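Q: Predicted structure and sequence below. I'll ask about it afterward.
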Amino acid sequence: MHVPATPALGFVSMSFVRNTGELLAIRRQLKAFATEHRLQITKVYVEEPGPPSAAFDLLESLLESDGQPLVVPTLHHLAAIGHPLKIRDHLRRCTHEVLIATMPAERTC
């Protein structure tokens, strides 16, 4: 019996990405991670440097969804919204699991 993948959202802050090639690699990483965890990323929000806009679009989408998971490369990417741990904890309280796609050995910190 085939179980359909759970829809999920992705988020990347360009403050932690060096160039377009790295962004494309991160998008692939998020999608591969999601697939391994029976998720399907329906949209990846990319926050450009400057005032947050994609971050608030992401939050709006999460608020409109019913507990949709969020996949990020590392928690640092949530700094575009606020303190990463506080944002993660708040989203969890609102029934949105925050999943980190980068394996611990691959993380810079």
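A: Sure thing, it's come through.

Q: where does this protein dip in pLDDT?
A: For the chain, applying pLDDT under 70 flags the ranges 1, 105-109.

Q: need the helices for it, in chain order.
A: 20-36, 54-64, 84-93 (DSSP state H).

Q: Which residues does the second one contact?
A: Read it as helix 54-64. 9, 11, 13, 43, 45-48, 68, 70, 80-81, 91, 94, 96 (CB atoms under 8 Å, 6 or more residues apart in numbering). In this view, the C-beta of every residue, glycine as well, is placed from N, C-alpha and C.

Q: Among those, name the buried ones.
A: 9, 11, 13, 45-47, 68, 70, 80-81, 91, 96 (16 or more other CB atoms under 10 Å).

Q: Distance of S15 relative to C94?
A: Computed as CB to CB, to the nearest Å, the S15 to C94 distance reads 24 Å.

Q: returning to that earlier point: next step: the contacts of helix 54-64 restricted to strands.
A: Assigned to strands by DSSP state E, the following of the contacts of helix 54-64 qualify: 9, 11, 13, 43, 45-47, 70.

Q: any idea which of these is closest to Q29?
A: F11 (12.9 Å; CB to CB).

Q: contacting residues around the closest one?
A: 44-47, 54-55, 58, 70-72, 77-78.

Q: any idea how far M103 is from E64?
A: 31 Å.

Q: Let me see the contact set for A79.
A: 13, 15.

Q: how far out from the middle of the chain is stretch 58-65?
A: Relative to its chain's centre, stretch 58-65 lies at 12 Å (CA atoms, centre = their mean, to the nearest Å).

Q: How about stretch 94-107?
A: Distance, centroid of stretch 94-107 to centroid of chain: 8 Å (CA atoms, centre = their mean).

Q: contacting residues around it?
A: With CB under 8 Å, 6+ apart, stretch 94-107 has contacts from 8, 29-30, 32-34, 37, 39, 62-63, 65-75, 78, 87-88, 91-92.
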